[in-house]
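S.K.: Okay, here's the prediction I keep looking at, along with the sequence it came from:
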Amino acid sequence: MEVGQGLTVARKLSNVAVVTADLMGQSESLSADDMSDIFAGAKASLALYDTHGLKIPACVVATTGATQKVKWCAAANDTAPGEGATPPVSIPSALVESGVEVVVVRTRYHLDTPFSSATPSTKE
């Protein structure tokens with residue numbers, strides 16, 4: 001049952017990233033309120049689970065040659081990389097085109113289950 005929960009959450013996290021990137025890509029510019037609405041929708045995708053630990057950095061990355069730098073970024077429950085920083089997700093070289101901006105979204109979530117809380121784990 002817990003494996004099923006894990007697979008469901010993994011699928012939902014993938015969907016959160018895709019929908020967030022899609023909504024960001026549909027606008028020329030986004031305000032902080034727009035990003036709050038997008039992140040609220042993302043959290044609704046995991047409505048059956050506690051979304052307190054859901055972390056979503058979502059960035060627009062500018063490419064110049066092989067160089068990838070954050071143009072701007074927003075984040076939910078996470079620290080957003082600043083302008084000029086390394087993106088939270090590396091864009092594969094086959095997708096990089098100089099002068100093109102790419103939206104990258106990374107989702108992270110820790111699923112607690114009765115079994116996982118009963119077993120010892122190492123934490124950094």
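M.R.: Looks like it came in fine.

S.K.: tell me the contacts of the residue nearest the centre of the chain?
M.R.: With distances taken as Cα atoms, centre = their mean, the residue of the chain nearest its centroid is R106 (2.7 Å). Contacts for R106 were tallied using Cβ atoms under 8 Å, 6 or more residues apart in numbering; they are A17, K55, I56, P57, A58, P88, V89. All C-beta atoms are positioned from the backbone trio N, CA, C, and that covers glycine.

S.K.: Could you pull up the residues touching the nearest residue to the first one once chain neighbours are set aside?
M.R.: Beyond its immediate neighbours in the sequence, the residue positioned closest to A17 (Cβ to Cβ, 6 or more residues apart in numbering) is V105, lying 4.4 Å away. Under the criterion of Cβ under 8 Å, 6+ apart, the neighbours of V105 are V16, A17, V18, T20, A21, M24, I56, P57, A58, C59, V89.
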